[in-house]
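Colleague: Need coordinates for the below:
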Amino acid sequence: MSAYRLHEVLVSQARPSASLGKLFGGLALIVVGFLILNVIYFQALQNLPNWPVIRAEFMGGTTARALWLMLLNFAPLLIALGLVVHMLHNRSLANLAGPRVMLFMDFRRVLRATIVLFAVVLLIPGPENIEPVRNMSFNSWLLLVPISLPLIFLQVSTEELLFRGYLQSQLAARFSSPLVWMVLPSLLFGLLHYDPGTYGPNALLLAGWSVLFGLAAADLTARAGNLGPALALHFANNVSAMMFSSMQDYWDGLSLYVLPFGPDAVETLRMLMPIEVMVILCSWLVARTAIRR
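Modeller: Presented below is the predicted three-dimensional model:
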């Protein structure tokens, strides 16, 4: 497909080690490595003062320190990914992301565009019963920004490097059809966001939203030949959701405002899902326009 001609920039780096055996073995090693490093991470956390209190805060992510530690937990996964792609595929994390100049350029272009879009969305008044309410003072929130932004970027970059940088390029080096290299990583991305314990009857809908997001990020990666657009879109989305308008009592420890309902508000979430889908579609179109060559 001519629209995806730049995808070859990433795919060519994956082609020398494109066997399915190496890919499945790599995924298995990433999981094992992450589990080992995760145990080490949480053992280290047990030495923190007030650890029993912090551990209880993990359940809802209702404090800044709990959310910071949860986001920092993506570091073990990033380390495991970096080690595995080096050992099995002779690739680096930078290699998974694409050429540095284009990466930074496309990231900046898409981030600027999506910031404008998300700002407009946040300013649009919603129904009265779901209008956001202030969660903390602006000065308190501002003090959290220098730590929160890098940790959110750690989260989104780890996910993009794994799903779009590693899985997508390795599959595309083996299969030419986007139905394989675009859809399979997106389905796995959605599956890992399936959380019936938190979202109940809406868990499948939320997982479907994640699949849609994964498809948008996969398309942008293939069009750009680097992870810049997907990183920018993911970063803008997560900053908006975690630092500006979180759900009440659920991952709201960093948020300036909270929506007056939680993940157990089944009907309210179902009412908002079409809006969330439209936001993703609009942000995808905005990003596509921003990287048009």
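Colleague: can you pull out the helices in the stretch 101-250 of the chain?
Modeller: 138-160, 169-174, 178-181, 183-192, 196-199, 203-224, 228-239 (DSSP state H, counting those that start in this stretch).
Colleague: V121 versus M278, what's the distance?
Modeller: 9 Å (Cβ to Cβ, to the nearest Å). In this view, the C-beta of every residue, glycine as well, is placed from N, C-alpha and C.
Colleague: and the two? which has more neighbours close in?
Modeller: V121 (17 against 11; other Cβ atoms under 10 Å).
Colleague: show me the residues around the more buried one that make contact.
Modeller: Contact analysis of V121 by Cβ atoms under 8 Å, 6 or more residues apart in numbering lists S240, V279.
Colleague: Could you check how far it is from F107?
Modeller: In terms of Cβ to Cβ, V121 sits 20 Å off from F107.
Colleague: cool, and I54?
Modeller: Distance of I54 to F107, given as Cβ to Cβ: 33 Å.
Colleague: And for M243?
Modeller: In this view, M243 and F107 are 19 Å apart by Cβ to Cβ.
Colleague: what does V116 give?
Modeller: V116 is 15 Å from F107, where distance means Cβ to Cβ.
Colleague: Please identify which of the two sits among more neighbours.
Modeller: A count of neighbours by other Cβ under 10 Å puts F107 above the other of V116 and F107, at 22 against 12.
Colleague: my guess is S245 contacts I124, does it?
Modeller: No. Distance between S245 and I124: 11.6 Å, which falls outside the contact criterion (Cβ atoms under 8 Å).
Colleague: Please say which of those two ends up with more neighbours.
Modeller: With neighbours defined as other Cβ under 10 Å, S245 and I124 compare such that S245 has more, 20 against 7.
Colleague: Look up which residues are beta-bridged to the more buried one.
Modeller: Judged by DSSP bridges, the bridge partners of S245 are Y257.
Colleague: Switch the helices of the stretch 101-250 of the chain over to a markdown table; also include mean neighbour count, distance to L78 and mean pLDDT.
Modeller: Formatted as a markdown table, the helices of the stretch 101-250 of the chain follow (neighbours: other Cβ atoms under 10 Å; distance: least, Cβ to Cβ, whole Å; pLDDT from 0 to 100):
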| stretch | mean neighbour count | distance to L78 | mean pLDDT |
| --- | --- | --- | --- |
| helix 138-160 | 17 | 4 | 98 |
| helix 169-174 | 24 | 17 | 97 |
| helix 178-181 | 17 | 22 | 96 |
| helix 183-192 | 18 | 15 | 97 |
| helix 196-199 | 14 | 24 | 93 |
| helix 203-224 | 22 | 17 | 97 |
| helix 228-239 | 25 | 13 | 98 |
